[in-house]
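Asker: Starting from these lines, generate the structure:
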Amino acid sequence: MAWLEKFMEGVEKRKLRVDFLAVHWYRSADVGKFSEWLDGLHQRYDRPIWVTEFNAKFTDGDRDKFAREAFRMLEHHRFVERFAYMNGFHAEPGALFEGKGDAKTPTKLGELYRDTAR
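Answerer: Numbering: from 1, shown residues only. Below is the predicted model of the structure:
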């Protein structure tokens, strides 16, 4: 991420403070690569990480497997302070909630995401 490196160089030169890194992941459904990428960012910048969005394109079965493994991996990394799955639109594969508008009924994936923090 060339932009992040350039930004952090500017931060260091100006002696500014960055409390955490906010990042997104949409590259692939390979949780191992996702984990390695996060490890690399943490090693390089020695800051807590907030994964403010993550998702990938895959089939329903692969999506559920990716989500389950990614949720576990993100909970395991102590330097990941926050993470948010990027919800698909209602009724799309990848949605966390059923219905439209003020939807409150979680999909199977929504239940998995909800239960990860318990």
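
Asker: For residue 13, give me the backbone phi and psi.
Answerer: Main-chain dihedrals, residue 13, degrees, to the nearest 10: phi -60, psi -40.

Asker: Share the number of residues neighbouring it, please.
Answerer: Neighbour count for residue 13, taken as other C-beta atoms under 10 Å: 8. No exception for glycine: its C-beta is placed from N, CA and C like everyone else's.

Asker: same check, this time on the one 10 residues further on
Answerer: When neighbours are defined as other C-beta under 10 Å, residue 23 has 18 of them.

Asker: ok, now which ones touch it?
Answerer: Contacts for residue 23 were tallied using C-beta atoms under 8 Å, 6 or more residues apart in numbering; they are 38, 41, 49-52.

Asker: So what sits opposite it in the bridge?
Answerer: Applying DSSP bridges to residue 23 gives these bridge partners: residue 51.

Asker: Ranking helices and strands of the protein by mean pLDDT, which lands last?
Answerer: Every helix and strand in the chain was compared by mean pLDDT, DSSP states H and E; the lowest is helix 108-116, with a mean of 81.

Asker: Can you tell me which of the contacts of residue 23 is nearest residue 108?
Answerer: Residue 108 lies nearest to residue 51 out of the contacts of residue 23, by C-beta to C-beta, at 21.5 Å.

Asker: In contact with the closest one, which residues?
Answerer: Contacts of residue 51 by C-beta under 8 Å, 6+ apart are 23-25, 38, 74, 80, 82-84.

Asker: Just the ones of the residues you listed in helices?
Answerer: Counting by DSSP state H, the part of those found in helices is 38, 74.

Asker: Include distance to residue 16 when you put the contacts of residue 51 into TSV, please.
Answerer: Converted to TSV, these look like this (distance: C-beta to C-beta, whole Å):
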residue	distance to residue 16
23	19
24	22
25	25
38	23
74	27
80	23
82	21
83	25
84	25
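
Asker: List buried residues within the contacts of residue 51.
Answerer: The neighbour count (16 or more other C-beta atoms under 10 Å) marks 23, 25, 38, 74, 80, 83 as buried among these.

Asker: Now for the contacts of residue 51: which two are most distant?
Answerer: Greatest spacing in the contacts of residue 51, by C-beta to C-beta: 38 and 84 (14.3 Å).
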